[in-house]
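Visitor: Sequence and predicted structure, then a few things I'm wondering about:
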Amino acid sequence: MLFYMEHNRLTSNKDIWVLPLEGDRTPRPLLQTPAQEFGPTLSPDGRWLAYVSDETGRQEVYVRNYPDLGRVIKISSEGGVSPMWSSAGDYLYFRQGRKMMAVSFLPEPGIPKVLFEGDFVLGHRWGRRYDLSPDGKRFLMIRESEPPSSPTQYNIVLNWFDELKQKVETGN
């Protein structure tokens, strides 16, 4: 199965769809509500689907049991984006502003805890901007750079074409 976000340009809604990779390969909506849903990620054991929704008016991380989707658990409480499962499926990570959060998932979801804070590039609706090493010990993240300073000096070249002709042979 391939999970993805579909953007309906007529309604501006973003919903989670699924594309079966075997058998009937017809895409179908999985979560289609008036809210915006995006960032789907399935747990390694296939039991949980994590995603982001703005159904409360703020982007929050949710988890639903899969495949029946009946049980809904709100994971974040102060905003959250870019969910990602650990390779063992025992932790769900997500971003909350400057904070990297983690919640244990053995056997049931626990309480999110702050792992660390920093000025790292945030993900967006179309993907996350961090990854976890295979051993689960290190994060790869993009650090926010300082905004470029304004130039302190401008160089204006007049008659630059004449200078160019002097430096380059014209072939005549």
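Guide: Nice, thanks for sending it over.
Visitor: Ramachandran coordinates for the residue nearest to the spatial centre of the chain?
Guide: Nearest to the geometric centre of the chain sits residue 128, at 2.6 Å (CA atoms, centre = their mean). Reported as degrees, to the nearest 10, the phi and psi values for residue 128 are phi -100, psi 160.
Visitor: ok, it to residue 121 distance?
Guide: Here the distance between residue 128 and residue 121 works out to 10 Å (CB to CB, to the nearest Å). Where C-beta positions appear, they are placed from N, C-alpha and C, glycine not excepted.
Visitor: Residue 110 now?
Guide: Looking at residue 110 against residue 121, where the rule is CB to CB, the gap reads 27 Å.
Visitor: Repeat that for residue 129.
Guide: Noted for residue 129: a distance of 5 Å to residue 121, by CB to CB.
Visitor: isn't residue 5 right up against residue 38?
Guide: Yes: contact status for residue 5 versus residue 38: in contact at 4.1 Å, counting by CB atoms under 8 Å.
Visitor: Of those two, which one has the most company?
Guide: Neighbours were counted for residue 5 and for residue 38 using other CB atoms under 10 Å; residue 38 has more, 22 against 19.
Visitor: Which secondary structure element is home to that one?
Guide: When elements are assigned from DSSP states H and E, residue 38 belongs to strand 37-42.
Visitor: Understood, closing this out.
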